[in-house]
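>>> how does the following fold in three dimensions:
(chains A and B)
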Amino acid sequence: MTTETDVEPLVPESAYVRRDSFIERDARSRAFALVDEGSGRELLDPFDHLESPWLEQQGVVPEADDGVVIVKGTVAGKATVVIGIEQGFQGGGIGEVSGAKIAAALGLAARDSRAGTPTSAVLLLETGGVRLQEANLGLAAVAEACSGVLELRALQPVIAVIAGGLGSFGGMSIVAGLCSTVVMTREARLGLNGPEVIESEGGIAEFDSGDHALVWSIDGGVQRHALGQADVLVKDDTDEIVGAVRGAVSGEAPAAPASRDLARLRAHLTSLDPSSPPTPAELPALFATPVAPGTTEEAPRPAESASTVESTGRGTAWTTALADTAPNAVESTVIEATMAMHGLSAILLTVVPDAASPYRRARNGEVGLLEGLALAERVTAIVTEDADLEPERKRPIIAVVDLPSQAYGRLEEMVGIHLHLAAAADAYATARTQGHPVVALVVGTALSGGFLAHGLQADQILALNDPDVEIHAMHKPAAARITRRTVAELDELATRIPPLSYDVRDWATLGLCNGLLEVADADHPTADDVATVKEQLRAAVSRARAGDSGLSGRWSVETSGDNRAATRRVWAAMTAQWQ
Amino acid sequence: MQTLEFDFPGDRPAIQRAHVGVVASADLEVLVVPSDGDSASVRIRTSVDGFDDVWRNVLERFFTRYGLTGSIEINDFGATPGVVSIRLLQALDQSTDEPTREVRA
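The predicted model follows:
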């Protein structure tokens, strides 16, 4: 394909053969290679035995460092923590412990940066995303990593290095989208949904994962760089990657990180016709062409007709029932309404199905390109409008959640859906840290990346106690397929391993649930149901205002009991070893 | 997954900790920690069940030849006997050399 043939050879062959390959290094070797010689010290090393508490009981061999290597040292003389994900172990999947190591390292770097020791972070991302053997705790850990990147990024550069061979996919691609700088090689890949996942969800016509030229033309480092989604393109050469990281650590953080540049993401969407998508080769030129002012408000957006909201499932039903006035369609697939609360107009935001959406892979309520961006735009607008208000006057934001997943599509990956979901996660987390009470209300399904973008950055998460409420990292048949189990085996494991369970009552024991709400009819809420949920939302908003706007409450003893004991051990050990 | 435990007598004590390898497909990690006593105490967690005899043979040959003692932990993800032997040799080199600052090449 074009990306292979148009690119000149990067170095003469002899030099290429002689280079010190970064890709061939394991995570530990990569991490030590990046820090100044002799400055690196590994924290929570294999001899600390902070391994996954969940794998052995499923018959899966753990690794002593749970697949994440933390090296604290200096880069170009500046305090830096390098966080390396080992792609060989469980496909770089993020579990409770490995995710907590990432979040704790980022959190402590932010603490030091605030205390006068500027400390940047480098993430070596080679990962398939959430480790499905730890499912809901992996998802929670990735949400906490997102929050950690945002906290540190406001103070110091956070650099993602995606060198390959695996690449960065799943929830960790959202993490990549949040970083100040993304460094990639031409061998590396970056995307929300891996090609195999899209093929299994959407068929081989949607994405032929065996067509490597196609895969790299969409996810590859050369293309991501051409689209402006990777900032630096480097050779697979240790010296060159070290140089790129030194430059990024020493440099100023960019004024507008990619996940905050909503005008740019909107212009990109406006520049293309989803019913007749461009080829990957055409996309860089399309993205580079400035969109005339004024057209950005219209092109792919639905016309006025969409302002009447049809009843499409629980998201719409609950939003309509809770709202004071009829919901307004921000897009045909995103509705907004207000609900009076404590003398303020709380904002309800909901992603809903639209069988006629031009984005055909996002017609069933999935969070896709348009949905991620629209949520980001609305939340950002609310934060901006309320910026000068006293904290107690900032409007609560309520994410009503009933979504089957993120959108699995070739067009979505081509455009860079990881950035659109990162934009939504960024906006919700920013609202939270700016003092807006952010509450997620799960009324139906809340799966995977869709939930990371719309829900998991909330201060408080409430869920209906209903058999059709399902919160998970992936739907059951796919989770079974990927972990090479039958659905029956998965069901059996879920009875004794809470993070694997699809039952919302088990999910509620993981520390993420601030209220499991009893209702009579989850599909068609009764007047009593609405009164109950409104009361609970008010209480959640009050708790959010009283809290510290961080996510650490999710792994406290009070909220999670023993289910997140390992997370607490990681934070305690990391804090003890940090200095 | 199967857990196996073995003890082998020896006379060449590990003098420092060593860690080599990754729990990746067809690979394994080996952790060596110095301990008192004149034997190697080996604990293996392997993803492949039913190869008790193969493990015993591979380990017996290694520990009989090199006499390494200490506490040894192996997390295996389907490594062949050849790979197991190479990782054990790397761990031997690291754990019985003079201490060096650079842990990893």
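
>>> only C-alpha atoms from now on, for both contacts and neighbour counts.
OK.

>>> and chain B, is stretch A:238-255 touching that?
No. Using C-alpha under 8 Å from any C-alpha of the partner chain, stretch A:238-255 stays clear of chain B, coming no nearer than 13.1 Å.

>>> from memory A:Pro358 sits against A:Pro274, does it?
Yes. If you go by C-alpha atoms under 8 Å, A:Pro358 and A:Pro274 touch, sitting 5.9 Å apart.

>>> for whatever residue of the stretch 201-350 of chain A ends up closest to chain B, grab phi and psi.
Using C-alpha to the nearest C-alpha, A:Thr238 is the residue of the stretch 201-350 of chain A that sits closest to chain B, at 13.1 Å. Note on A:Thr238: its backbone torsions stand at phi -60, psi -40 [degrees, to the nearest 10].

>>> what segments of the stretch 251-400 of chain A are helices?
With helices called from DSSP state H, counting those that start in this stretch, the stretch 251-400 of chain A shows them at A:262-270, A:283-288, A:313-322, A:369-385.

>>> what are the buried residues along the shortest one?
Within helix A:283-288, the residues that qualify as buried by neighbour count (16 or more other C-alpha atoms under 10 Å in any protein chain shown) are A:283-284, A:286-287.

>>> what ranges do the strands span in chain B?
Ranges of strands within chain B are B:2-9, B:12-13, B:18-21, B:28-33, B:39-46, B:68-76, based on DSSP state E.

>>> how about JSON lines for the ones you listed, with mean pLDDT and mean neighbour count added?
Converted to JSON lines, these look like this (pLDDT from 0 to 100; neighbours: other C-alpha atoms under 10 Å in any protein chain shown):
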{"stretch": "strand B:2-9", "mean pLDDT": "98", "mean neighbour count": "16"}
{"stretch": "strand B:12-13", "mean pLDDT": "96", "mean neighbour count": "20"}
{"stretch": "strand B:18-21", "mean pLDDT": "97", "mean neighbour count": "22"}
{"stretch": "strand B:28-33", "mean pLDDT": "98", "mean neighbour count": "23"}
{"stretch": "strand B:39-46", "mean pLDDT": "98", "mean neighbour count": "21"}
{"stretch": "strand B:68-76", "mean pLDDT": "98", "mean neighbour count": "25"}
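
>>> can I get those in JSON lines including distance to chain A?
Formatted as JSON lines, the strands of chain B follow (distance: least, C-alpha to the nearest C-alpha, whole Å):
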{"stretch": "strand B:2-9", "distance to chain A": "8"}
{"stretch": "strand B:12-13", "distance to chain A": "18"}
{"stretch": "strand B:18-21", "distance to chain A": "8"}
{"stretch": "strand B:28-33", "distance to chain A": "8"}
{"stretch": "strand B:39-46", "distance to chain A": "6"}
{"stretch": "strand B:68-76", "distance to chain A": "6"}
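
>>> so can I have a markdown table of the ones you listed showing distance to A:Gly177?
Formatted as a markdown table, those follow (distance: least, C-alpha to C-alpha, whole Å):
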| stretch | distance to A:Gly177 |
| --- | --- |
| strand B:2-9 | 40 |
| strand B:12-13 | 49 |
| strand B:18-21 | 31 |
| strand B:28-33 | 32 |
| strand B:39-46 | 37 |
| strand B:68-76 | 34 |
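
>>> show me which residues of chain A are close to chain B?
So chain A meets chain B at A:28-29, A:38, A:46-47, A:56, A:59-63, A:88-90 (C-alpha under 8 Å from any C-alpha).

>>> that older thread, looking at the helices of the stretch 251-400 of chain A, which is nearest to A:Ala508?
Comparing those by their distance to A:Ala508 (C-alpha to C-alpha), the top pick is helix A:313-322, with 20.1 Å.

>>> packing partners for the closest one?
If you count contacts as 3 or more C-alpha pairs under 8 Å, 6 or more residues apart in numbering or on different chains; DSSP states H and E, helix A:313-322 packs onto strand A:334-341, strand A:344-351, strand A:397-403, strand A:438-447, helix A:527-546.

>>> ok, residues contacting the longest one?
Contact with helix A:527-546 is made by A:321-322, A:341-342, A:392, A:396, A:435-439, A:459-460, A:514-515, A:517-521, as judged by C-alpha atoms under 8 Å, 6 or more residues apart in numbering or on different chains.

>>> for that helix, which residues meet the burial criterion?
For helix A:527-546, the neighbour count (16+ other C-alpha under 10 Å) marks A:529-530, A:533-534, A:536-538, A:540-541, A:544-545 as buried.

>>> next SSE downstream of that helix?
Next in sequence after helix A:527-546, counting helices and strands by DSSP states H and E, comes helix A:557-560.

>>> now do that next one: distance to the chain's middle.
Helix A:557-560 sits 24 Å away from the centroid of its parent chain (C-alpha atoms, centre = their mean, to the nearest Å).

>>> what does stretch A:533-543 give?
Mean-position distance between stretch A:533-543 and its chain equals 26 Å (C-alpha atoms, centre = their mean).

>>> got any ranges where chain A has weak pLDDT?
Regions of chain A meeting the criterion pLDDT under 70 cover residues A:1-13, A:253-255, A:291-312.

>>> from B:Gln90, how far off is B:Arg12?
Separation of B:Arg12 from B:Gln90 (C-alpha to C-alpha, to the nearest Å): 15 Å.

>>> cool, A:Lys394 as well?
60 Å.

>>> more crowded one of these two?
The neighbour count for A:Lys394 versus B:Gln90, taken as other C-alpha atoms under 10 Å in any protein chain shown, is higher for A:Lys394 (23 against 16).

>>> please list all residues in contact with the more buried one.
A:386-387, A:435-437.

>>> same thing but at 6 Å, please
A:386, A:436 (C-alpha atoms under 6 Å, 6 or more residues apart in numbering or on different chains).

>>> can you give me phi and psi for it?
phi -70, psi 130.

>>> burial count for residue 26?
No chain specified, so I'll use chain A. With other C-alpha under 10 Å as criterion, A:Asp26 counts 17.

>>> my question was about chain B, not that one.
15.

>>> tell me the pLDDT at it?
Predicted confidence (pLDDT) for B:Ala26: 97.

>>> just checking, it touches B:Gly82?
No. Using C-alpha atoms under 6 Å, B:Ala26 is not in contact with B:Gly82; the gap is 10.6 Å.

>>> quick revisit: you'd agree the residue of the stretch 201-350 of chain A closest to chain B is up against A:Phe22?
Yes. Using C-alpha under 6 Å, A:Thr238 makes contact with A:Phe22 at a distance of 4.9 Å.

>>> out of those two, which sits in the busier spot?
A:Phe22 (22 against 19).

>>> any idea how far the more buried one is from chain B?
According to C-alpha to the nearest C-alpha, to the nearest Å, A:Phe22 and chain B sit 13 Å apart.

>>> check A:Thr185 too.
Separation of A:Thr185 from chain B (C-alpha to the nearest C-alpha) stands at 22 Å.

>>> mind listing the residues bridging to the residue nearest to B:Gly21 when sequence neighbours are not counted?
The spatially closest residue to B:Gly21, leaving aside those adjacent along the chain, is B:Glu29, at 4.2 Å (C-alpha to C-alpha, 6 or more residues apart in numbering or on different chains). Beta-bridge pairing for B:Glu29 (DSSP bridges): B:Gly21, B:Asn75.

>>> I'd assumed B:Val22 was in contact with B:Glu29.
Yes. With contact defined as C-alpha under 6 Å, B:Glu29 counts as touching B:Val22 (4.8 Å).

>>> kindly report the domain assignment for chain A.
A:22-254, A:314-474+A:512-547 (automatic domain parsing).

>>> could I get these as a markdown table with distance to A:Arg496?
As requested, these are arranged in a markdown table below (distance: least, C-alpha to C-alpha, whole Å):
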| stretch | distance to A:Arg496 |
| --- | --- |
| domain A:22-254 | 9 |
| domain A:314-474+A:512-547 | 16 |
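
>>> who's in contact with the spatially most central residue of chain A?
By C-alpha atoms, centre = their mean, chain A has its centre lying nearest to A:Ile174, at 3.7 Å. For A:Ile174, the contacting residues are A:418, A:422, by C-alpha under 6 Å, 6+ apart.

>>> quick one, phi psi at residue 49?
Picking chain A for this. phi 50, psi 40.
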